[in-house]
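Chemist: Fold the following for me, if possible:
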Amino acid sequence: MVRKVVSHTILTLDGAAVFDTVADSIVELRDTKEVLDDFFGKVADEDAMLLGRVTYEEWAAYWPTSTNERFANHINRVPKFVVSRSLDAVPWGTHDDATLVKGDVAEAVTELKQRPGKNIGVHGSPTLVEGLLHADVLDEMRIEIYPVLAGTGARLFKDGRAPKRLHLADSVITSAGVAILTYRRQTQS
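Modeler: Numbers count the residues shown, from 1 in each chain. Below is the predicted model of the structure:
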């Protein structure tokens, strides 16, 4: 059985995937039982993680010493694979180092999917998520859309890519107005 690659992306209502100006509002809305139970239910199905360089650098500075549970234990114990053209090493504090992925990312991810195990999660890393989607190695996208307007910030998808069709597999709207949408690759007919 082939493992699935599942991305977990947080977006503002105006489409920002990088949202420093409204991060506190996102944290407040995300810190609810509905959102966290949904997220951790999905994360329990993964035993490896893919990170882009920027997300890796932010997370490696925080998570190895974090006591912010339920996520700290998970992220510190699962194998992490970091996609980067510029890094030479990917340490993870006192925990096992991450594995650096260079070269053909689609080929490396396809090989990871063939290994035994559960799902491979992609957290944050909007540039990586977009690349995996267009390389047809991303199997599922889990998007949390928050009812907050950032006004600025990098978007998940850039202009100039070929059209791609996805299938809505699941949707939940929380009492705080957070839309949790799960999309899968559209199968060819």
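Chemist: Run me through the strand neighbours of the helix or strand hosting Leu181, direction for each.
Modeler: If you go by DSSP states H and E, Leu181 is part of strand 179-185. Note on strand 179-185: by DSSP bridges, its sheet partners are strand 140-146 (antiparallel), strand 166-173 (antiparallel).
Chemist: Phi, psi for His8 please.
Modeler: When read as degrees, to the nearest 10, the backbone of His8 gives phi -120, psi 110.
Chemist: correct me, but it touches Ser125?
Modeler: No: shown here, His8 and Ser125 do not form a contact pair, counting by C-beta atoms under 8 Å, at 9.5 Å. Where you see a C-beta, it was placed from the backbone N, CA and C, and this is true even at glycine.
Chemist: Between those two, which is the more surrounded one?
Modeler: Ser125 (25 against 20; other C-beta atoms under 10 Å).
Chemist: From Thr67, how far off is the more buried one?
Modeler: 24 Å (C-beta to C-beta, to the nearest Å).
Chemist: What of Phe157?
Modeler: 35 Å.
Chemist: For those two, indicate the residue with more neighbours.
Modeler: More crowded of Phe157 and Thr67, by other C-beta under 10 Å: Phe157, with 14 against 6.
Chemist: Does that one touch Val129 like I think?
Modeler: No: using C-beta under 8 Å, Phe157 is not in contact with Val129, being 9.0 Å away.
Chemist: beta partners for the residue nearest the centre of the chain?
Modeler: The centre of the chain sits closest to His123, judged by C-alpha atoms, centre = their mean, with a distance of 2.3 Å. On the basis of DSSP bridges, His123 is bridged to His8.
Chemist: That'll do, ta.
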